[in-house]
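[1] have a look; sequence and predicted model below, questions after that.
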There are 2 protein chains.
Amino acid sequence: MSTYEARLAALREQLKADRLDGFVVPLTDEHMSEYVGSYAQRLAWLTGFQGSAGSAVVLPEEAAIFTDGRYTLQVRDQVDGKNWSYQSVPETSVSDWLKAHAPDGGRIGYDPWLHTSEWVKRAKDALAAKGAELVPVRRNPIDAVWADRPEPSRAHLIVHPDRYTGKSSAAKRQEMADWLKEQGADAAVLAALDSIAWTFNVRGQDVDRTPVALAFALVNADGTADLFVEPEKIDAAVRQHLGNGVRIHDRTAFEPALAALAGKTVAVDPERSVAAIFEALDKAGAKVIARRDPSILPKAIKNEVEIAGHKAAQARDGAALSRFLRWVQAEAPKGGVDELGAAAKLRELRAANGDLRDLSFDTISGAGPNGAIVHYRVNEETNRPLEMNSIYLVDSGGQYADGTTDVTRTVAIGTPTAGARDRFTRVLKGHIAIARARFPEGTRGTQLDSFARQFLWEAGLDYAHGTGHGVGSFLSVHEGPQRISPAGSSQAGGDEPLQAGMILSNEPGYYKTGEYGIRVENLVLVVPIEVDGAEKKVLGFETLTFAPLDRKLIEVAMLTPEERAWVDDYHAQVLAVVGGQLEGEDLDWLRAQCAPL
Amino acid sequence: MSTYEARLAALREQLKADRLDGFVVPLTDEHMSEYVGSYAQRLAWLTGFQGSAGSAVVLPEEAAIFTDGRYTLQVRDQVDGKNWSYQSVPETSVSDWLKAHAPDGGRIGYDPWLHTSEWVKRAKDALAAKGAELVPVRRNPIDAVWADRPEPSRAHLIVHPDRYTGKSSAAKRQEMADWLKEQGADAAVLAALDSIAWTFNVRGQDVDRTPVALAFALVNADGTADLFVEPEKIDAAVRQHLGNGVRIHDRTAFEPALAALAGKTVAVDPERSVAAIFEALDKAGAKVIARRDPSILPKAIKNEVEIAGHKAAQARDGAALSRFLRWVQAEAPKGGVDELGAAAKLRELRAANGDLRDLSFDTISGAGPNGAIVHYRVNEETNRPLEMNSIYLVDSGGQYADGTTDVTRTVAIGTPTAGARDRFTRVLKGHIAIARARFPEGTRGTQLDSFARQFLWEAGLDYAHGTGHGVGSFLSVHEGPQRISPAGSSQAGGDEPLQAGMILSNEPGYYKTGEYGIRVENLVLVVPIEVDGAEKKVLGFETLTFAPLDRKLIEVAMLTPEERAWVDDYHAQVLAVVGGQLEGEDLDWLRAQCAPL
C-alpha cells in the first residue's frame, strides 16, 4: 500500500465489501477542525493532497478531489490526475458533483462523525434526485484499509493560567450557565477543540501547530461541566485547575453521555458539531436547539489581559522576524539559501528567546514561482533556492503562551522588476486602506474586503483568497467568527459585525503564476476611534505586527501622501517596538529599513 | 369607517367572526409587487402608512406595524402610536414578533396570495414554538370590511414595440422554452408583473408609476404561452401582437389552470410567486421545481436597443431636470415656492416634450427637514416652503417608452452651512468612488457598497439605505436582481454578480434629522473596460444621467485631483448632452453650472 493508486484500489474493495457505491472523504475530524491530528489525515493518506482544505469522493469507476482557489496548482502537483478528477469549490460542490456522477439508485457512504447535519441534508437532497441514498457508516472504510494509521495523540493537557486568559474558567462557565438559563436549555455541547481549550483554560498538544486537546464537553446550566478526554492525559495540576465543578470522563463516554440526555434541552452548534451528535441526541429523545457555541464570541473578543499578552508576543515575534529578514537580505544574494533553509533559520530565530511553544502553522517559504502557490508548503522535492533578482514570500507565525502570531513579508532578492514593484505597491495600498479604515459599529468584515482589492482591480488584477481571518490567543491561527472576505452567504461567518477587541489578519496579495507571489500581512486589533461630531460609534484597526516592509518593493510615486505617511509612521513604530531588542548589524539594518521613505 | 381606529376595530370584529386570533397584513399583491394597485393597498387603508414597504400584524389586544430604516420617522407621523406599536425590520421580523406576542395556541390568519412559501414556513415555525397555528384564509378579512375598496383596474394593455425592446416576444419565449427543456420542465410560472410585461413586450396601466398589467402567465416548453388577464383589457392590436402562440384566459382562470398541471414539471420562482401558487400546484400533483423566473436576468441585462433608448430618455429627462433646477435656483430665494409647487413644476417640465408616459415614482420633494425623511412623499399637510439658506432634495424620474429614469439632486437655497458642504462633499466623493470603480467580472454589488460610504464613515456618519438598485426599461424603477447594498444573505439579490448591460442607481446620501437631507443619484450602466495587462475581464460604470450638481455645495478642497477632474468631466458631458436642448437663460445658467470647478 505504498502507492496512492493501491490505497484507492483498497478503499474500493472495502466499499464493495461494505456494499457501498461510493464514499465521501472530508478533511476534518470529529470536531470539525480545520487542522487535524495525523490519525484523521484520511484525505492526505488517500490522495497525497497536503493542503489544509479539501475533500474527495470515491465512486467505483471514478474519483474526484475538491479544492478551493488557494490549491488549484498544488492539487495538480500532489494528486495524480490519472486517478482523480480535479474539482473547484465553490464552483462545484461535492453535492453537485454527486448529483451528476453518483450511480442511479446507488448507496453513497459518509462518516457521520465527519460532517455537519446541514451537509448531510444537502447531500441527501442532491442524491435523492438520482434515487441514490446517502448512507452513514458505522466504521470509516478508510480506517479499515489504513493499516498503519497513527493512534490519536496521548499528550498531556496543560493549564493555561489566568495571567494569560484574563478570566477564570469558572467565570466563563458561569456566563455560559446564565446564557443557558436565558435560552431555557439544560446544557450546551462544545465540540470545537479551541472552544473547549478556551472554556476550560487548558491547552493541549494533540494537533500540530494548534495547542488543543482532543475532547468533547458538556457545559451545564448549573455551572458544572463534563469534559470527555482520555483521563491519562490529565495530570494532577490540570485536575486541580479544573476543580470539582468539572467531571472528567473518557472521550469514548461522550456518545453514551448524549444518549443519557433524554428529556433535556441541549444547545448544539450546527456549524461546529457533527451530524452524529445531533443523531445521538435525537435518538435519546433530547430536545435539541440550534445555537452558536457560546464560547465563540467571547473567545473572539479579546480582553485586556489577552490584548496585552498578544502585544508582548508580537514584539518578541517581530524581533525574530526582523533578524530573519536582515539575514535573508544579507545571505540570499550570496547564494546557498533555499526555502527549507530559510524556514529553518526563521524557526531557530523565533525559538532563540525560549518562549516559542510551537509555530502557529507550517511556514510558507516560497521562492520565485513557489510564492505564487497561495498556501505553499515546502518539502524536499519542491525546495528552491532564493535566487538573485527574484521575489521571496514568507508567511509564518509563532505560538507563545501569551499570543498567536501570523505575519507575511515579501522580500526582493537583488533588484525587483518594475512590474513586481507595481504589484507590491498595489497590494500595500490595499493593506494600508484596511489599516486606516474607519467604519461604524455594526459593520461586517465583508463590507471592508474590497478596500483591500481596489488598487489591484484598477489594473485588472485580484487575489483568490480572503483579506483577513480572526486569530486566537495561544489558540487557532484561524479563528472565527469574524473575517474580512468577499464571502457571500455561502461561507459562514462573513456576516459577523466587527467588535472592539477582535484580532484579524490584514493580508491582501497578488500571485503571478510561474513567477512570484506577493503578500503583505499584519495582524490588526479592532479598536474604538474617537471622531469629532460622529453620529455613530466608530471603529478602526490598530496594527499589532511589527516588522519592516521591503523598501525596494515600494514604488513611492504610487502612494498618496497619506499612504506614505502611514508607511513612515508604521516603520517608526517598528523601530520603537523592535529596535530595543536588536543590536549590532541587526539594529543598523532595521534603522535603515525604518527610515522615512 | 372614516377613522383608522374604526377600521382596526372592524377588522378585529371580522377576525372574531372568522375565528382568528390575529392577521398579518403585508404591503404587496398577488404578484409580490413592490408598488401595488389601489385595490391592494390594504396596509395603507388599515393603518394610514403611505410608505412603499412595510407590514402589520393585528392581534385582539395589540397591533404592530413593521417598517425599515427609511420609514422610521414617517411611520410615526402617519400611524397612530396609541393603537400601533412601531417595529423596525430587519431587527425585528414579523415572525419574531409573532413568536413573542401571539397568544399561546392561537390561530393567526394570513392570505396565501400575499406571502411567499418561505415566509409561510418561517412564520409557521415561529408560531409552532407557542403552540400557535398559522392559518390560510379563503377570503382576506380586510376585504370583508373595506366597503369602498377600489375595483382592480380595467385599463387596456398596450403593445411595446420591438424598436424599444430590441427583441421580439417570440424570441424571448423561445429562449425560455429552450431553458425549460434544459431544466426538464414543461412550463414556467411567471407571476411578477414586470416579468410578464417584459416577456410579452406589452405594458399596462394598472399600477401607478409602473407600466404593468395585472396578469399571470405560463410559458411552455413548446414555445407557446398562456396569459391570464381580463380579456376586455386586450384590444385587437395587442391580440395581433401576441399572435397565435399566446392563449389568452381570464385572470381568474389561473388557479384552475394550475390545477390542470397534474403530472407536469413546473418551474416556479419561490421569491416571486406566492404560497397559493405552490399550494395549488402541489394539490394538483404537479412536480414543482424551484427556479428563478427565467426573465429576471435577460430583463436586467439591457440589449443595445434598450441601452440606446435609455440614453435618449436620459437626455430628454436631463433637459427637463436642468430647466427645473434653474427655475428653483431663480424662484425659491424670492419665496413662494413650496414642495408641492416644485414637484408640480418638475412634472410640467418633464411632460412638456410630449414623451412622458408617467412619473417613474412619486417625486420626493423635500425641503429642509423633510429632506431627511428618506422616502418622503409630500402632501398638503407636510408641504413646506423652500426657504432661504436651506437645503432642498428632489428625487424624481420619468417613464418614457424608451426608458425609465431616476435621479436625485440636492440644491442649496441661498448659502449652505459649512457642515452641509462638508456632508454633501463626502456624499459626492462616495458617488464618484462608485462611478469610477473598476472591478473584475464576477464582482457582486455588495462588494462595491462601502466605496460609497467610506468618506462618511471617516466622519462617523452613514446612511440607512442601499447605494444602488437596478432599473427597468420602461418598467419598474426598482428592478432586480442586481443591487449595490450592504445586504447580507437576508436580503435576496445582493449576491448577483454585475454584468455588462445592467443599469443601476448610484445614490449615496446623508440625512440630518430635523435639518436636511442630501443625496446624489445618477443611473449608471455596467460596461466592459479595457485595461492594459489585465488578468481578468474588467467592468466599470458609465454614468447615464445628465444634470448639473449644485456647485455651491461642493467643498473643492476636499476633492482629490481625480475627483475634481471627474466633476469637471461630468459637467462637460452634461453640457454636451443637455445644452443643445436648452436656450436663453436656461442655457446660460447651465453653462455657468457646468464650468470647471
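    Cool, got the structure. Numbers count the residues shown, from 1 in each chain, chains lettered A, B, ... in the order given.
[2] show me the contacts for the most centrally placed residue in chain A.
    The structure's chain A has its C-alpha centroid closest to A:His478; by C-alpha atoms, centre = their mean the separation is 3.0 Å. Neighbour list for A:His478: A:Glu34, A:His469, A:Gly470, A:Val471 [criterion: C-beta atoms under 8 Å, 6 or more residues apart in numbering or on different chains]. Every C-beta, even on glycine, is put in place using the N, C-alpha and C of the backbone.
[3] pLDDT weak spots in chain A?
    The model of chain A has pLDDT under 70 over residues A:1, A:487-494.
[4] residues of it that sit close to chain B?
    Contacts of chain A with chain B, taken as C-beta under 8 Å from any C-beta of the partner chain, map to A:437-440, A:443-444, A:446-451, A:454, A:457-462, A:486, A:488-489, A:494-495, A:531, A:533-538.
[5] make a ChimeraX selection of the buried ones in the residues you listed.
    For the buried members of these, the matching ChimeraX selection, counting by 16 or more other C-beta atoms under 10 Å in any protein chain shown, is:
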select /A:437,438,439,440,443,444,446,447,448,449,450,451,454,457,458,459,460,461,462,486,488,494,495,531,534,535,536,538
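[6] filter the residues of chain A next to chain B down to the ones in helices?
    A:Asp449, A:Ser450, A:Phe451, A:Gln454, A:Trp457, A:Glu458 (DSSP state H).
[7] nearest to B:Val394 among those residues?
    B:Val394 lies nearest to A:Ser450 out of those, by C-beta to C-beta, at 30.7 Å.
[8] isn't the closest one right next to B:Arg444, touching?
    No - contact criterion C-beta atoms under 8 Å: A:Ser450 and B:Arg444 do not qualify, at 10.0 Å.
[9] so what sits against both of these two?
    A:Pro486.
[10] report the secondary structure state of the closest residue to A:Leu218 other than its chain neighbours.
    Nearest non-adjacent residue to A:Leu218, counting by C-beta to C-beta, 6 or more residues apart in numbering or on different chains: A:Asp226, 4.3 Å away. The local conformation at A:Asp226, judged by DSSP: H, G, I helix; E, B strand; the rest coil, is strand.
[11] so A:Asp226 touches A:Ala215, yeah?
    No - using C-beta under 8 Å, A:Asp226 is not in contact with A:Ala215; the gap is 10.4 Å.
[12] higher neighbour count, these two?
    A:Ala215 (26 against 18; other C-beta atoms under 10 Å in any protein chain shown).
[13] which one is the more buried one nearest to, not counting chain neighbours?
    A:Val229 (3.9 Å).
[14] got the phi and psi for that neighbour?
    Dihedral pair for A:Val229: phi -160, psi 150, per degrees, to the nearest 10.
[15] for it, grab the count of nearby residues.
    Counted with other C-beta under 10 Å, A:Val229 comes out at 25.
[16] go ahead and confirm it touches A:Leu214.
    Yes - assessed by C-beta under 8 Å, A:Val229 is found in contact with A:Leu214 at 7.0 Å.
[17] give me the common contacts of these two.
    Common neighbours of A:Val229 and A:Leu214 (C-beta under 8 Å, 6+ apart) are A:Arg251.
[18] in the biggest helix by length in chain A, what's buried?
    Longest helix in chain A by number of residues (criterion: DSSP H): helix A:304-331. Using 16+ other C-beta under 10 Å as the test for burial, helix A:304-331 gives A:305-307, A:309-311, A:313-329, A:331.
[19] may I have the following helix or strand past that helix as CSV, with CA atoms only?
    Tracing the chain past helix A:304-331, the next element assigned as helix or strand by DSSP states H and E is helix A:339-351. Extracted C-alpha coordinates of helix A:339-351, given in CSV (Å, rounded to 0.1, in the frame of the first residue of the first chain):
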residue,chain,number,x,y,z
GLU,A,339,13.3,27.7,1.1
LEU,A,340,13.9,24.9,3.6
GLY,A,341,17.0,26.5,5.0
ALA,A,342,15.2,29.9,5.3
ALA,A,343,12.2,28.3,7.1
ALA,A,344,14.6,26.5,9.5
LYS,A,345,16.6,29.7,10.2
LEU,A,346,13.4,31.6,10.9
ARG,A,347,12.2,28.9,13.3
GLU,A,348,15.6,29.0,15.0
LEU,A,349,15.4,32.7,15.5
ARG,A,350,11.9,32.5,16.8
ALA,A,351,12.9,29.8,19.2
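[20] tilt between helix A:339-351 and helix A:304-331?
    140 degrees (axes from the mean of the first three to the mean of the last three C-alpha atoms, to 10 degrees).
[21] just the CA coordinates of the helix or strand following helix A:339-351, formatted as PDB?
    On the C-terminal side of helix A:339-351, the closest following helix or strand by DSSP H and E is strand A:356-359. What follows is strand A:356-359, C-alpha atoms only, in PDB (Å, rounded to 0.1, in the frame of the first residue of the first chain):
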ATOM      1  CA  LEU A 356       8.200  29.700  21.500                       C
ATOM      2  CA  ARG A 357       5.800  26.900  22.200                       C
ATOM      3  CA  ASP A 358       5.300  25.900  18.500                       C
ATOM      4  CA  LEU A 359       4.900  27.500  15.100                       C
END
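[22] mind listing what the residue lying farthest from the centre of chain A touches?
    In chain A, the greatest distance from the average C-alpha position (C-alpha atoms, centre = their mean) is reached by A:Gly533, at 38.8 Å. Going by C-beta under 8 Å, 6+ apart, A:Gly533 touches B:Ala459, B:Gly460.
[23] and for A:Glu34?
    Taking C-beta under 8 Å, 6+ apart, we find A:Glu34 in contact with A:Thr28, A:Ser52, A:Ala53, A:Ser476, A:His478.
[24] can you lay out the residues you listed as a markdown table showing secondary structure and distance to B:Lys512?
    A markdown table is the format used below for the contacts of A:Glu34 (DSSP: H, G, I helix; E, B strand; the rest coil; distance: C-beta to C-beta, whole Å):
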| residue | secondary structure | distance to B:Lys512 |
| --- | --- | --- |
| A:Thr28 | coil | 51 |
| A:Ser52 | coil | 49 |
| A:Ala53 | coil | 47 |
| A:Ser476 | coil | 44 |
| A:His478 | coil | 42 |
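[25] what's the closest of the residues you listed to B:Pro161?
    Using C-beta to C-beta, those come closest to B:Pro161 at A:Ala53, 53.9 Å.
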